[in-house]
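Trainee: missing the sequence, but the structure's below:
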């Protein structure tokens with residue numbers, strides 16, 4: 001079988017690596033290139049006046065990392081129930097290069113998703129949608145997370161807190177003690 005030269009491949013033949021995660025029964029996937037590390041859920045500091053999807057923040061190697069409840073951020077009405085098996089996927093933001101954590105109930109093995117497998121819908125074309133597309137994986141719908149919206153806009157939207165504001169709030173709390 002003849003191989004197609006990479007420069008002759010149609011864009012639908014290309015694939016990107018994603019990390020599938022589960023959040024309150026919803027299977028989502030985030031681009032692997034945005035994932036820094038996966039850590040166990042640890043005690044979080046509450047952030048005053050934060051949006052409801054911001055579960056808190058924690059100190060990671062000297063930097064305060066905001067942690068988003070992925071289920072709330074993608075539209076679930078009730079917060080996730082965290083347990084000992086919950087994980088935090090640390091992702092790098094594009095705007096600032098800082099880290100943001102996503103609380104998930106489980107993480108699966110990395111998968112390659114071909115562009116031809118993606119199903120687009122008008123709902124995904126909204127610039128503020130947390131999703132870019134969906135596809136089938138093991139007979140389940142998997143939603144590709146729009147990392148630009150999810151990681152950057154989540155923390156810089158109107159009435160939301162920025163990583164610097166989180167750091168200041170936590171430092172202020174420690175200084176008061």
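Mentor: Great, that's in hand. These numbers were taken from a predicted model, which means no experiment stands behind them.

Trainee: where does residue 151 fall, helix, sheet strand or coil?
Mentor: Classification of residue 151 by DSSP: H, G, I helix; E, B strand; the rest coil places it in helix.

Trainee: Please disregard the earlier target; I meant residue 148.
Mentor: Assignment for residue 148 (three-state DSSP): helix.

Trainee: centroid residue for this structure?
Mentor: When Cα atoms, centre = their mean is applied to the chain, the residue found nearest the centroid is residue 102 (5.1 Å).

Trainee: Run me through the strand neighbours of whichever strand or helix holds that residue, direction for each.
Mentor: Using DSSP states H and E, residue 102 sits in strand 99-104. Using DSSP bridges, the strands paired with strand 99-104 are strand 63-69 (parallel), strand 87-92 (antiparallel).

Trainee: Give me the contact list for that strand.
Mentor: Outside strand 99-104, the residues that touch it by Cβ atoms under 8 Å, 6 or more residues apart in numbering are 21-23, 30, 36, 39, 41, 55, 58, 60, 63, 65-71, 73, 80, 82, 86-93, 150-151, 154-155, 163. Every residue, glycine included, has its C-beta placed from N, CA and C.

Trainee: Could you tell me which of those residues count as buried?
Mentor: Buried positions within the contacts of strand 99-104, assessed by neighbour count (16 or more other Cβ atoms under 10 Å), are 21-23, 30, 41, 55, 58, 60, 65-71, 73, 80, 82, 87-93, 150-151, 154-155, 163.

Trainee: quick one, what contacts residue 146?
Mentor: Shown in contact with residue 146 (Cβ under 8 Å, 6+ apart): 124, 129-132.

Trainee: Oops, could you answer that again for residue 121 instead?
Mentor: 133-134.

Trainee: can you pull the pLDDT of it?
Mentor: Residue 121 is assigned 71 on the pLDDT scale.

Trainee: pLDDT value on the closest residue to residue 108 other than its chain neighbours, please?
Mentor: Among residues not flanking residue 108 along the chain, residue 20 sits closest, at 4.1 Å (Cβ to Cβ, 6 or more residues apart in numbering). With respect to pLDDT, residue 20 has a value of 94.
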